[in-house]
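> below are the sequence and a predicted model for it; my questions follow.
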Amino acid sequence: MLFVMNHPLITHKLTQMRKVDTGTKDFRQNLDEIAGLMAYEVCRDLPVKKVTIQTPVIECETYELTKEIVLIPILRAGLGLVNGINNLIPTAKVGHVGLYRDEETLMPHEYFSKFPSTMPDAINLVLDPMLATGGSANAAIDIIKAKGATAIKLVCLVGAPEGVQAVQKAHPDVDIYLAALDEKLNELGYIVPGLGDAGDRIFGTK
Ligand code: PRP
Ligand code: URA
């Protein structure tokens with residue numbers, strides 16, 4: 001399933017991020033805030049169990065989450081989504097997968113990975129602001145499935161139709177959440193209209 005957030009707050013914040021003149025501080029802050037807003041929707045179907053608790057007034061039946069959440073940012077740019085979600089889910093564990101996209105071939109290359117041992121039983125949120133060709137997201141999902149992850153959601157800020165189709169084809173079991181679905185990729189593999197190189201804009205490396 002593909003979920004595209006249509007919410008004025010998210011769209012407004014994303015518009016600030018898209019502007020070429022937006023600096024690192026504001027870019028990061030808007031990303032952080034959107035991540036929190038998206039988490040609300042991404043977590044809508046989390047499993048809960050019935051529990052009996054004592055309030056100061058009465059004993060009552062209510063619900064608690066049953067599954068651990070693991071956040072898996074794709075380095076580097078995925079790191080920009082971690083804090084906003086972690087603020088809402090402070091018990092979440094964090095795994096990391098390091099991938100960079102070769103500028104010529106656009107193929108992803110793995111350079112690091114480290115995951116919590118609870119990943120196979122957890123709900124795993126793979127985080128990356130950009131879903132362009134889908135190569136990085138597919139590689140990250142391949143890697144965590146090989147480590148036993150089964151419940152996986154992909155959370156991105158901006159996606160291109162090409163990337164969405166690539167992930168849906170390779171991993172039809174993975175739900176995709178986007179703040180916006182853009183028009184296309186350009187000849188350099190950048191999302192159009194997009195927001196440029198997310199990693200460089202988050203970390204100020206260009
Ligand atoms: C960017 C982005 C994604 C990837 C998307 O990362 O953060 O991981 O490109 O492109 P794809 O869908 O075509 O794979 P990049 O490789 O530039 O690394 P960085 O995050 O370290 O800047
Ligand atoms: N990676 C980015 O950071 N931006 C794009 O537009 C495509 C891939």
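Yes, it's here. Ligands and ions are numbered 1, 2, ... in the order given.

> which helix runs longest in this protein?
The residue-count maximum for a helix in the chain (DSSP state H) belongs to helix 24-42.

> buried ones in it?
Within helix 24-42, the residues scored as buried using 16 or more other CB atoms under 10 Å are 27-28, 30-39, 42. The way it works is simple: take the backbone N, C-alpha and C, and place the C-beta from them, glycine included.

> so what's Val158 up against?
By CB atoms under 8 Å, 6 or more residues apart in numbering, the residues touching Val158 are Leu14, Pro129, Met130, Leu131, Leu178, Ala179, Ala180, Asp182, Ile191, Gly194, Leu195.

> out of these, which touch ligand 1?
Among these, the ones lying near ligand 1 by CB under 6 Å from any ligand atom are Pro129, Met130, Leu131.

> what are the phi and psi angles of the last one?
In other words, Leu131. Dihedral angles of Leu131 (phi, psi; degrees, to the nearest 10) stand at phi -120, psi 90.

> one step back: what subset of the ones next to ligand 1 among the contacts of Val158 is also close to ligand 2?
With the criterion set as CB under 6 Å from any ligand atom, the members of the ones next to ligand 1 among the contacts of Val158 near ligand 2 are Met130.

> on that earlier part again, could I get the contacts of Val158 as a markdown table with pLDDT?
Listed next are the contacts of Val158 as a markdown table, based on pLDDT from 0 to 100:
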| residue | pLDDT |
| --- | --- |
| Leu14 | 98 |
| Pro129 | 98 |
| Met130 | 98 |
| Leu131 | 98 |
| Leu178 | 98 |
| Ala179 | 98 |
| Ala180 | 98 |
| Asp182 | 98 |
| Ile191 | 98 |
| Gly194 | 98 |
| Leu195 | 98 |
